[in-house]
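1. turn this into a model:
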Amino acid sequence: MEAGVSDAGFSGSNYTWCNNRQGRARIWKRFNRVLLNLEALQIGSSILVQHLSRDPPDHALLLMTAPTWLDNKPKPFRFLNVWTTKAGLLDVIHDSWSCPMSGQHLCVLAIKFHTIKQVLKGWSRESFGNIFRAVKEAERAVLEAEVAQEQDSARWLKDGDRNSKYFHAVVAERRSRAIIHRICDSNGEWVKAEEHISREAISFFQRLFTAEPCSSSSEFLDTIPKLVTDGDKTQLMEPPTMAEVKKVVFSMDGESAAGPDGFIGKFFTFVCDVVAEDVYKAILSFFCGAELPRSITATTIVLIPQVQCPQDFT
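-> Prediction:
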């Protein structure tokens, strides 16, 4: 970026040139590359560069495409702490949460969470407007401040009006590098479509986190000293009290990252009096062996490339 251009990255072989000699005399280099200026980084498309086959020439051909990744997917719900500064929020939550509902306690809790999310989305649009646009503008301002701290302050004073273009170029470059354009699946085939990449990611992590069958180790239990008394066992198996649950809830960090359901610690402490009974009943059901609904056991996978131009998920 110091020269006003940045490397577009690549997918495929690490090298684009070979002197075609044998043995230790062979040399591999990446001579061919695509450089993007500030304008190219801001066109709204992410440039994909593929290193094609080199055989028989010594230089590999580069295939450059500019696919458009539309950010038009539904936005996941996130409870924002700023909502708690608005008068009337607690009443809105209370009116929605108090609707009578029957069923297993864990399922009732999951349904109420789903319902309250829809209510809060509508309330937020009426009270705060387009919150996502405001968040993007705030994120852009934070990123500009972070970049500025990494640079020599004298340079920024000297460049003057050019700072804005530089900031936006850095933002665009970082976002471009975070996009996975194609990936090699478990069969060795390249997949490019966004939905195929997502499906391959889910498949990879399902295999990664699925336990393999193993032989029983019960015969080894007799070799472990028994340090837990019968009284300790009884105490460990007792369901928690409401006071213990509240203690845990209020020890949660109110600014912590939200889970897949979008709720954070601040939500539970803010509406504790409203949701405490339903949450406590659901926790007791869990300790009694009730099956957890899928909406509660769900997790979120966020793909953040740790290397430039990843080829697979390993």
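2. the strands in the stretch 1-150 of the chain, which residues?
-> 5-7, 11-12, 17-18, 28-29, 35-37, 48-51, 62-65 (DSSP state E, counting those that start in this stretch).
3. now for the first one, which elements pack on it?
-> The reference is to strand 5-7. strand 35-37 (3 or more Cβ pairs under 8 Å, 6 or more residues apart in numbering; DSSP states H and E). Every C-beta, even on glycine, is put in place using the N, C-alpha and C of the backbone.
4. the strand it packs on pairs with which strands, and in what direction?
-> Using DSSP bridges, strand 35-37 pairs in its sheet with strand 5-7 (antiparallel).
5. about what we covered before: mean pLDDT and distance to K121 added to the strands of the stretch 1-150 of the chain, as CSV?
-> Shown next, in CSV, are those (pLDDT from 0 to 100; distance: least, Cβ to Cβ, whole Å):
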stretch, mean pLDDT, distance to K121
strand 5-7, 79, 38
strand 11-12, 78, 38
strand 17-18, 90, 54
strand 28-29, 90, 53
strand 35-37, 82, 37
strand 48-51, 82, 34
strand 62-65, 84, 36
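6. now, of those strands, which is deepest in the fold?
-> strand 48-51 (a mean of 20; mean count of other Cβ atoms under 10 Å).
7. note down every partner strand of that strand and its orientation.
-> Applying DSSP bridges, strand 48-51 is found paired with strand 11-12 (parallel), strand 62-65 (antiparallel).
8. can you pull the poorly scored residue ranges out of the stretch 201-314 of the chain?
-> 214-218 (pLDDT under 70).
9. switch the cut-off to 80
-> Applying pLDDT under 80 to the stretch 201-314 of the chain picks out residues 211-222, 257-258, 299-311, 314.
10. any idea which of the strands of the stretch 1-150 of the chain gets closest to F205?
-> strand 11-12 (21.4 Å; Cβ to Cβ).
11. ok but F220 is inside a strand, no?
-> No: if the criterion is DSSP: H, G, I helix; E, B strand; the rest coil, then F220 is helix and not within a strand.
12. number of nearby residues for it?
-> 8 (other Cβ atoms under 10 Å).
13. ok, now K117?
-> Residues near K117, counting by other Cβ under 10 Å: 17.
14. Provide a list of residues in contact with the nearest residue to it once chain neighbours are set aside.
-> Leaving aside its sequence neighbours, K117 sits nearest to F77 (Cβ to Cβ, 6 or more residues apart in numbering; 4.6 Å). Residues in contact with F77 (Cβ atoms under 8 Å, 6 or more residues apart in numbering) are 117, 120-121, 261-262.
15. thought K112 was touching V279?
-> No: the pair K112 and V279 fails to qualify as a contact (Cβ atoms under 8 Å) at a distance of 9.7 Å.
16. which ones are touching N81?
-> 254-255, 264, 266 are the contacts of N81 under Cβ under 8 Å, 6+ apart.
17. selecting buried members of the residues you listed in PyMOL, what would you type?
-> Filtering the contacts of N81 down to the buried ones (16 or more other Cβ atoms under 10 Å) takes a single PyMOL command:
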select buried, resi 264+266
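18. the contacts of N81 into a markdown table, with extra columns for distance to A141 and secondary structure?
-> Compiled in a markdown table, these are given as follows (distance: Cβ to Cβ, whole Å; DSSP: H, G, I helix; E, B strand; the rest coil):
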| residue | distance to A141 | secondary structure |
| --- | --- | --- |
| G254 | 23 | coil |
| E255 | 19 | coil |
| I264 | 22 | coil |
| K266 | 23 | helix |
